[in-house]
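Peer 1: using only what follows, build the 3D model:
(chains A and B)
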Amino acid sequence: MPRDLEKYLRPEVQTTPFCPGCGHGILMGLLLRAVDELELDMDKVLFVSGIGCAAWIPSPNFKADTLHTLHGRAIPFATGAKSFNPELNTIVVSGDGDLTSIGGNHLIHAARRNTDITVICANNMIYGMTGGQLACTTPFGAKASTYREGSPYQAFDLPKLVEAAGARYAARYSVTQPLLVIAAIKKAITTKGFTFIEVLSPCPTQFGRRNQLGSPEKMIEMLYHRCISKEQASTMGSEEIKDKIITGEFVNGTA
Amino acid sequence: MSSRFVKSSMLPGAYYFSGSEAVAEGAITAGCRYYGGYPITPSSEIMERIAWRFHEVGGVFMQMEDELASICSLIGASWAGAKAMTATSGPGLSLMMESTGYAASTETPLVIVDVQRAGPGTGQATRVADGDIMQVKWGSHGDYQVIAYSPWSVQEMYDFTIKAFNMAERYRVPAFVMASEATAHLKEQMVMSEKVEIYDRVKQPGAAPFDTKEQDGVPPMPSFGEGECLLVTGSTHEGYGFRRSDNPEVQQRLVSRLHLKIMNHRDDIVEVERYYLDKDRLDVVVVSYGFTARSSLYTVERLRSEGKRVGMLRLKTLWPFAETAVQEASKHTKKIFVPEMNMGQVAGLIKANALSEVVTFNQTNGEVIAPSTIEKEIRRIL
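Peer 2: Residues are numbered from 1 along each chain as shown, chains lettered A, B, ... in the order given. I've put the predicted structure just below:
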């Protein structure tokens, strides 16, 4: 991380807690770049997170108000803080299991209410911290510690989910698309209302090693090749698109 | 600690209110300006009144998607500077237990009004009980303390809601008003006074928000947006909020202080009311709380008019438990009688502290305990 972003980090924090090859450190850097480019007043920014690896992106690292909450409940904590003090620029950063499984009901209701918060969902497609169990975002057929034969279920399409629930901005990108992630975060933060970004983040430790993607570079490579834009997707046939992850803005803040 | 006097939420004087209306007005008087709630019988009237009254006084009302979200939103609002409240009943309270522990661990002031109904399970949604008394103290995992009031009248629904806010702020702890279907739906006269003393949280910029020099202290509490770079976490944390979830000393110190900051100040928190306990040796002392205490006092007066040597100890607070008061009362009586709308939740605590024989009466049929029932039971042991 470049030195000029260090001002956003607590001096007491020397290292991140993430495994080698984890994408959350990249996302942390991208989020701070977005904050930096927007010149946000950090005294008025509140970062809220739940439980899990991604919940440690803001807490305790960011030099701002940070609220590290219960598993699944980051969004209602954020809703209370934001609705009582609308001056707080409230950004929720947490994982896929936290925000969309145990916390899934809160996610769709915050979108329905159009609560003026930004939710950044770091999606590593697995329960990382607890040892690689199946998530509601694990792709069909991908292996997890509780489904060694591969997931028999389809995964949530998160931007579509929050779009249906009323989100004002919904996008999906991968940490392999860093500039697009920064632009999306900036757009989400500056868009009034409920905004949501899913950021695919590699987890070689728990997802990769069960799915023949054990090294960090293999996981990055996988995301790099599988993530295509909406425009690219529109030119592809159904067979060709089967294994792709479509990225882009799905709701564009103009609603 | 900082206290000040404010006007009551309405003009001073007498009002014919339900317990639910009284709770809403008590909250507004105490300075509550955030309410997060979810409908549940028999507590919903509180939320409905708060919703329209907040339009008048300028509070933030949020009807949340469930009780998990309600209490979590309270914690978020409390750290954003609000005095925050919710009201619920048994099943909703069960859903709030994890967050109650989080609030205790992060020392977040908030008020939960539990309008108790008959359980377990969905039970009798419209019927009365006092079945949640152990739950509020022990329902969340780990060791923690709470403060809980037990009102017996509409007046106390108002007064104790204010007290709950005051104590929640003073000790940075979740405070409960253990109402019941009967006290919430009861309508009777209550009085609002000219001015009311309320407590506000203490601010001290730069000071540690999660530890004190004393083993039993209450740290100052800043809010989000004040430039304090707050680190709030329900994981084991040191004074400035940094996670130390693998540090035995920090864990021991935190949990001890959460315990001692309440238990070492019991004299300031615990409230009881004594009836005829200064008399000569008594035959029976009724220890009673909540709505049941109305029937108990009626019966005690009636038996005394016949010359019977009976008295009563009313528990106005249930947590922390009034150990000393129970022990004192038990010294001057042959027997203690404990009528309860549960299977003996408070009787167990009384047995653990009383020096005399304890006789219990448990009624969990969804109806209040009638004076005639209490009278029959006391005559049996007199």
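Peer 1: looking at the stretch 51-200 of chain A, what residue ends up closest to chain B?
Peer 2: The nearest approach of the stretch 51-200 of chain A to chain B comes at residue A:80, 3.1 Å away (Cβ to the nearest Cβ). C-betas here are computed from N, CA, C, even on glycine.
Peer 1: who touches that residue in this structure?
Peer 2: Applying Cβ atoms under 8 Å, 6 or more residues apart in numbering or on different chains to residue A:80 gives the contacts B:34, B:36, B:62, B:72-78, B:80, B:82, B:84.
Peer 1: filter the residues you listed by proximity to chain A?
Peer 2: Restricting the contacts of residue A:80 to those within reach of chain A (Cβ under 8 Å from any Cβ of the partner chain) leaves B:34, B:36, B:62, B:72-78, B:80, B:82, B:84.
Peer 1: let's see the pLDDT reported for the residue lying closest to residue A:145 once chain neighbours are set aside.
Peer 2: Closest residue to residue A:145 apart from its sequence neighbours, by Cβ to Cβ, 6 or more residues apart in numbering or on different chains: residue A:132 at 4.3 Å. Looking at residue A:132, its pLDDT stands at 97.
Peer 1: just the ones of the ones next to chain A among the contacts of residue A:80 in strands?
Peer 2: Residues from the ones next to chain A among the contacts of residue A:80 lying in strands, with DSSP state E as the criterion: B:34, B:36, B:62, B:84.
Peer 1: care to break chain B down by domain?
Peer 2: Following automatic domain parsing, one finds the domains of chain B at B:2-200, B:273-381.
Peer 1: determine the number of other residues adjacent to residue A:152.
Peer 2: Counted with other Cβ atoms under 10 Å in any protein chain shown, residues neighbouring residue A:152 total 9.
Peer 1: so who does it touch?
Peer 2: Residues near residue A:152 by Cβ under 8 Å, 6+ apart: residue A:140.
Peer 1: that older thread, for the contacts of residue A:80, give me TSV that also has pLDDT, distance to residue B:325 and neighbour count.
Peer 2: Output for the contacts of residue A:80, formatted as TSV (pLDDT from 0 to 100; distance: Cβ to Cβ, whole Å; neighbours: other Cβ atoms under 10 Å in any protein chain shown):
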residue	pLDDT	distance to residue B:325	neighbour count
B:34	98	34	29
B:36	98	35	30
B:62	98	39	24
B:72	98	36	31
B:73	98	36	34
B:74	98	31	34
B:75	98	32	30
B:76	98	37	35
B:77	98	35	30
B:78	98	31	30
B:80	98	38	28
B:82	98	34	27
B:84	98	31	32
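Peer 1: how about those residues in JSON lines, adding distance to residue A:7?
Peer 2: Output for the contacts of residue A:80, formatted as JSON lines (distance: Cβ to Cβ, whole Å):
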{"residue": "B:34", "distance to residue A:7": "33"}
{"residue": "B:36", "distance to residue A:7": "35"}
{"residue": "B:62", "distance to residue A:7": "35"}
{"residue": "B:72", "distance to residue A:7": "31"}
{"residue": "B:73", "distance to residue A:7": "31"}
{"residue": "B:74", "distance to residue A:7": "33"}
{"residue": "B:75", "distance to residue A:7": "29"}
{"residue": "B:76", "distance to residue A:7": "26"}
{"residue": "B:77", "distance to residue A:7": "29"}
{"residue": "B:78", "distance to residue A:7": "29"}
{"residue": "B:80", "distance to residue A:7": "24"}
{"residue": "B:82", "distance to residue A:7": "30"}
{"residue": "B:84", "distance to residue A:7": "33"}
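Peer 1: in chain B, where's the longest helix?
Peer 2: Using DSSP state H, we find that the single longest helix of chain B is helix B:154-171.
Peer 1: can you check chain A too?
Peer 2: Secondary structure assigned by DSSP H gives helix A:24-38 as the longest helix of chain A.
Peer 1: next structured bit after that helix?
Peer 2: For helix A:24-38, the following helix or strand on the C-terminal side (DSSP states H and E) is strand A:45-49.
Peer 1: do that following strand and chain B meet?
Peer 2: Yes. With Cβ under 8 Å from any Cβ as the criterion, chain B is reached by strand A:45-49 at A:46, A:48.
Peer 1: paired strands for the helix or strand that that strand is followed by, with orientation please.
Peer 2: Remark: after strand A:45-49, the chain's next helix or strand is strand A:65-68, criterion DSSP H and E. Neighbouring strands of strand A:65-68 in its sheet, by DSSP bridges, are strand A:45-49 (parallel), strand B:231-233 (parallel).
Peer 1: counting neighbours, what do you get for the nearest residue to residue A:153 once chain neighbours are set aside?
Peer 2: Closest residue to residue A:153 apart from its sequence neighbours, by Cβ to Cβ, 6+ apart: residue A:140 at 6.7 Å. Neighbourhood size, residue A:140 [other Cβ under 10 Å]: 10.
Peer 1: now do residue B:327
Peer 2: Residue B:327 has 15 nearby residues by other Cβ under 10 Å.
Peer 1: check contacts around it.
Peer 2: Neighbouring residues of residue B:327 by Cβ under 8 Å, 6+ apart: B:353-355.
Peer 1: could you rank these by neighbour count and give me the top one?
Peer 2: Most surrounded of those: other Cβ under 10 Å gives residue B:354, at 22 neighbours.
Peer 1: next, count neighbours for residue 202.
Peer 2: Chain wasn't specified; assuming chain A. 26.
Peer 1: not quite, I wanted chain B
Peer 2: For residue B:202, the number of neighbouring residues by other Cβ under 10 Å comes to 16.
Peer 1: list the contacts of whatever residue of the stretch 251-382 of chain B ends up closest to chain A.
Peer 2: The minimum distance from the stretch 251-382 of chain B to chain A, using Cβ to the nearest Cβ, falls at residue B:254 (15.0 Å). If you count contacts by Cβ under 8 Å, 6+ apart, residue B:254 has them with B:105, B:210-211, B:236-237.
Peer 1: pLDDT weak spots in the stretch 151-255 of chain A?
Peer 2: Within the stretch 151-255 of chain A, the stretches with pLDDT under 70 are A:254-255.
Peer 1: all helices in it, in order from the N-terminus.
Peer 2: With DSSP state H, counting those that start in this stretch as the criterion, the stretch 151-255 of chain A has helices at A:158-165, A:178-190, A:216-226, A:230-234, A:238-241.
Peer 1: is the first one up against chain B anywhere?
Peer 2: So that's helix A:158-165. No. For helix A:158-165, no contact with chain B is found by Cβ under 8 Å from any Cβ; the gap never falls below 11.2 Å.
Peer 1: mind listing what's buried in that helix?
Peer 2: By 16 or more other Cβ atoms under 10 Å in any protein chain shown, the buried positions in helix A:158-165 come out as A:158-159, A:161-163, A:165.
Peer 1: any chance of those in JSON lines, plus distance to residue A:113?
Peer 2: As requested, those are exported to JSON lines (distance: Cβ to Cβ, whole Å):
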{"residue": "A:158", "distance to residue A:113": "18"}
{"residue": "A:159", "distance to residue A:113": "18"}
{"residue": "A:161", "distance to residue A:113": "15"}
{"residue": "A:162", "distance to residue A:113": "12"}
{"residue": "A:163", "distance to residue A:113": "15"}
{"residue": "A:165", "distance to residue A:113": "9"}
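Peer 1: among the ones in strands among the ones next to chain A among the contacts of residue A:80, which two are most distant?
Peer 2: Using Cβ to Cβ, those span at most 10.1 Å, a distance reached by B:62 and B:84.
Peer 1: which residues do these two both contact?
Peer 2: A:80, B:34-36, B:73.
Peer 1: pull the most distant pair out of those residues.
Peer 2: For the shared contacts of residue B:62 and residue B:84, the farthest-apart pair by Cβ to Cβ is A:80 and B:35; their separation is 10.2 Å.
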